[in-house]
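Undergrad: Sharing a sequence plus its predicted fold:
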Amino acid sequence: MTHIGGYPGKYQKLIKKRLKELRPDLYICGHSHICKIMKDHDLNLMHFNPGAIGYHGFHSKRTMITFSISQREIKDIKIYEYNR
């Protein structure tokens, strides 16, 4: 998990290097204030950006993600969206 790291196909150089070394099943990053859940097929991981839950910034909606992990399976993924 990191603040700024990029997206599948557009990771920062050092982030991509670490993802290749560590080979996680899930990578969480933010900064863009745009809620996204994507599968990275090249690195075989799920990419989560929970968006922005705060009141400051350019986003029109406040968002967050909840999920559970059981036996390495990511499931029960829910996106919550609130008015600013």
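TA: Perfect, thanks for sending it.

Undergrad: how near is residue 9 to residue 40?
TA: Residue 9 sits 8 Å away from residue 40, going by C-beta to C-beta, to the nearest Å. C-beta here means a position set from N, CA and C on the backbone, and glycine is covered the same way.

Undergrad: hey, what's the residue nearest the centre of the chain bridged with?
TA: The residue lying closest to the centre of the chain (C-alpha atoms, centre = their mean) is residue 48, at 1.9 Å. Judged by DSSP bridges, the bridge partners of residue 48 are residue 28, residue 37.

Undergrad: Which of the three states applies to residue 15?
TA: Following DSSP: H, G, I helix; E, B strand; the rest coil, we place residue 15 in the helix state.

Undergrad: how many neighbours does it have?
TA: 15 (other C-beta atoms under 10 Å).

Undergrad: Cross-check the contact I'm expecting between it and residue 5.
TA: Yes. Residue 15 is in contact with residue 5 according to C-beta atoms under 8 Å; the separation is 4.1 Å.

Undergrad: what sits in contact with each of those two?
TA: Shared contacts of residue 15 and residue 5 (C-beta atoms under 8 Å, 6 or more residues apart in numbering): residue 29.

Undergrad: where does this protein have low pLDDT?
TA: Within the chain, no stretch has pLDDT under 70.

Undergrad: just so I have it, where are all the helices in the protein?
TA: With DSSP state H as the criterion, the chain has helices at 13-22.

Undergrad: wait, what's in contact with the closest residue to residue 41 other than its chain neighbours?
TA: Nearest non-adjacent residue to residue 41, counting by C-beta to C-beta, 6 or more residues apart in numbering: residue 8, 7.7 Å away. Residues near residue 8 by C-beta under 8 Å, 6+ apart: 38-43, 47.

Undergrad: Could you dump those into a markdown table and include distance to residue 22 and neighbour count?
TA: Output for the contacts of residue 8, formatted as a markdown table (distance: C-beta to C-beta, whole Å; neighbours: other C-beta atoms under 10 Å):
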| residue | distance to residue 22 | neighbour count |
| --- | --- | --- |
| 38 | 18 | 14 |
| 39 | 18 | 11 |
| 40 | 13 | 15 |
| 41 | 18 | 9 |
| 42 | 15 | 12 |
| 43 | 10 | 17 |
| 47 | 14 | 20 |
